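**Q** how would this look folded up:
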Amino acid sequence: MILAVDVGNTRIKAAVFEGDMLLKNFVFAKNELQKNIQNILKKYCNVADLIISSVSDVEKKSFLEFENDLKVHFMTHESNFPFVNCYGTPKTLGIDRMVLAAGATLQFPNQNRLVIDAGTCVTFDFIDQDNNYLGGAIAPGLRLRYESLHNFTAKLPLLTLESPEGLIGNSTSESIHSGVVNGLVYEIDGFIDEYSRLYSNFIIILTGGDTEFLAKRLKNTIFANSNFLLESLCQTFQYKNQK
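**A** Here you go, the predicted structure:
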């Protein structure tokens with residue numbers, strides 16, 4: 001068994017895998033890391049490998065404390081990935097984006113892929129049908145958009161995510177919801193339309209914490225999977241071991 005752990009900007013997501021099958025997934029705060037991993041390992045005592053992808057400041061020693069119980073692996077820029085990294089600054093490319101690109105390459109061979117990760121940030125990552133990672137885009141996610149409107153203005157309130165009642169907001173709150181939600185939806189659809197214009201034989205993968213909220217609002221056909229990063233982390237680790 002494999003325990004895959006994704007340390008994000010806001011929270012930690014983890015999943016236990018038997019081969020390629022996801023048995024159970026978990027979400028918890030970063031300050032609850034050790035307690036939750038201990039509980040997972042007690043329940044799934046056959047876990048032999050802990051594989052970590054991190055874009056946060058959680059220290060490695062927090063994971064290394066489990067070395068007596070299982071093998072601990074960190075995904076790094078030096079890990080073996082199934083694509084050619086053509087990014088202009090490869091060392092600055094987030095490990096999470098590399099893992100997503102690897103998962104798209106392994107799961108959807110011989111086609112162009114656009115991976116959209118909708119979390120704290122919204123990232124777009126493009127891998128062509130020849131397995132070249134070309135890059136993409138980074139934009140603020142839904143929560144950051146709400147926070148920026150509040151933090152950088154004098155009077156706009158801080159709102160939480162809510163579906164706008166329509167396109168035209170008839171109050172300040174409704175105008176904010178329309179601007180944040182509809183704005184991001186149109187932005188994502190616009191990116192997809194432009195990529196689709198440039199490339200054929202194309203698949204769009206939507207993942208991240210806001211997957212379910214956004215998927216039903218997009219006009220484009222997408223493959224939506226909120227666990228795609230964890231699945232990709234498991235598959236990339238298995239690919240690395242096979243090589």
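**Q** can you tell me which residues contact Phe223?
**A** If a contact means CB atoms under 8 Å, 6 or more residues apart in numbering, then Phe223 has Ile203, Ile204, Ile205, Leu206 as its contacts. (C-beta placed from N, C-alpha, C; glycine too.)
**Q** Only the buried subset of the residues you listed, as a ChimeraX command please.
**A** The buried residues among the contacts of Phe223 can be selected in ChimeraX (16 or more other CB atoms under 10 Å) with this line:
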select :204,205,206
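**Q** Show me what the helix-or-strand element of the chain with minimal mean pLDDT is packed up against.
**A** In the chain, the helix or strand scored least confidently by mean pLDDT, DSSP states H and E is helix 61-64, which has a mean of 82. Using 3 or more CB pairs under 8 Å, 6 or more residues apart in numbering; DSSP states H and E, the elements in contact with helix 61-64 are helix 33-43, strand 71-74.
**Q** List the contacts of it.
**A** In this structure, residues lying in contact with helix 61-64 by CB under 8 Å, 6+ apart are Val5, Leu33, Gln34, Ile37, Leu50, Ile52, Val72, Phe74.
**Q** Can you classify Asp130 as helix, strand or coil?
**A** coil (DSSP: H, G, I helix; E, B strand; the rest coil).
**Q** Where do the helices of the protein begin and end?
**A** Shown for the chain, the helices assigned by DSSP state H span residues 33-43, 61-64, 95-107, 142-151, 172-177, 183-198, 211-215, 228-242.
**Q** re the thing from before, how far is the least confident helix or strand of the chain from where the chain is centred?
**A** 22 Å (CA atoms, centre = their mean, to the nearest Å).
**Q** Name the residues of it that come out as buried.
**A** Those would be Phe63, for helix 61-64 by 16+ other CB under 10 Å.
**Q** do the same with stretch 176-185
**A** Ile176, His177, Ser178, Val180, Val181, Leu184, Val185.
**Q** got the contact list for the residue nearest to the first one when sequence neighbours are not counted?
**A** It stands for Ile176. Closest residue to Ile176 apart from its sequence neighbours, by CB to CB, 6 or more residues apart in numbering: Leu159 at 5.6 Å. Each residue near Leu159 by CB under 8 Å, 6+ apart is listed here: Tyr146, His150, Ser173, Ile176, His177.
**Q** if we go to 7 Å?
**A** Each residue near Leu159 by CB atoms under 7 Å, 6 or more residues apart in numbering is listed here: Tyr146, Ser173, Ile176, His177.
**Q** gap between it and Met1?
**A** Distance of Leu159 to Met1, computed by CB to CB, to the nearest Å: 41 Å.
**Q** just His73 next, same as before
**A** Applying CB to CB, the value for His73 to Met1 is 14 Å.
**Q** of the two, who's got more company?
**A** Comparing His73 with Met1 by other CB atoms under 10 Å, the one with more neighbours is His73, at 19 against 15.
**Q** Dig out what the residue nearest to that one when sequence neighbours are not counted forms beta bridges with.
**A** The shortest distance from His73 to any non-neighbouring residue, by CB to CB, 6+ apart, is to Ile51 (4.7 Å). Ile51 has the following beta-bridge partners by DSSP bridges: Ala4, His73.
**Q** Just give me the neighbour total for Ile51.
**A** By other CB under 10 Å, 25 other residues sit near Ile51.
**Q** Can you name the residues that contact it?
**A** Per CB under 7 Å, 6+ apart, neighbours of Ile51: Ile2, Ala4, His73, Met75, Leu233, Phe237.
**Q** Please apply the same query to Leu100.
**A** By CB under 7 Å, 6+ apart, the contact list for Leu100 reads Val115, Asp117, Asp125, Phe228, Leu229, Ser232.
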